[in-house]
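> I need the structure of the sequence given here:
(one chain, ligands or ions: 2)
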Amino acid sequence: MTDCVFCSILDDEIPSYGVYEDDETYAFLDANPLARGHTLVIPKTHAETLGDLDDGGKAVFETTRRLAPRTADAVDAPAYNLGLNNGEEAGQEVPHAHMHIVPRFDGDGGGP
Ligand code: 5GP
Ligand code: ZN
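Ligands and ions are numbered 1, 2, ... in the order given. Sure, this is the predicted structure:
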């Protein structure tokens, strides 16, 4: 059992609701969503920040780019925010790099 919560999710030791997976990335619903459909995209390799990955997290950005509009469509959201809390001082709580896809709805006061 790893002490990284997202590695435990990748190892199926903690259940998650997956929405996308390929060789390098996994995407699943956030357990404490900021909005309906709030999704996290993570690299399958453990790295605290995307910059710690050899390719700078290229696959995570690519999955996020492709998945974000589909995520918004799936919950009928007209817009979305993408977020990356990179480092503790930036608000990163889980030390396994991840991108947030947060669908936004009319009048929900969205925005960073
Ligand atoms: P951070 O603040 O590190 O950018 O965001 C971490 C995110 O991971 C939070 O939005 C939090 O709700 C989510 N999270 C933390 N633990 C779990 C978990 O065990 N399962 C899922 N699905 N999401 C989690
Ligand atoms: Zn990890």
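> enumerate every residue touching the residue positioned nearest the centre of the chain.
Among the residues of the chain, the one closest to the centroid is residue 40, at 1.8 Å (C-alpha atoms, centre = their mean). Applying C-beta atoms under 8 Å, 6 or more residues apart in numbering to residue 40 gives the contacts 6, 27-30, 98-101. From N, CA and C alone the C-beta is placed, and that goes for glycine too.
> looking at the residues you listed, which are in helices?
residue 6 (DSSP state H).
> just the contacts of residue 40 that are near ligand 2?
residue 6 (C-beta under 5 Å from the ion).
> circling back to that earlier point, looks to me like the residue nearest to the centre of the chain is in a helix.
No: read with DSSP: H, G, I helix; E, B strand; the rest coil, residue 40 is strand and lies in no helix.
> before we move on, back to that, which among the contacts of residue 40 end up buried?
Among these, the ones that count as buried by 16 or more other C-beta atoms under 10 Å are 6, 27-28, 30, 98-101.
> and those residues as TSV, adding pLDDT and distance to residue 84?
Formatted as TSV, the buried ones among the contacts of residue 40 follow (pLDDT from 0 to 100; distance: C-beta to C-beta, whole Å):
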residue	pLDDT	distance to residue 84
6	98	14
27	98	14
28	98	16
30	98	14
98	97	8
99	98	5
100	98	7
101	98	11
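> residues from the chain in reach of ligand 2?
So the chain meets ligand 2 at 4, 6-7, 46, 96 (C-beta under 5 Å from the ion).
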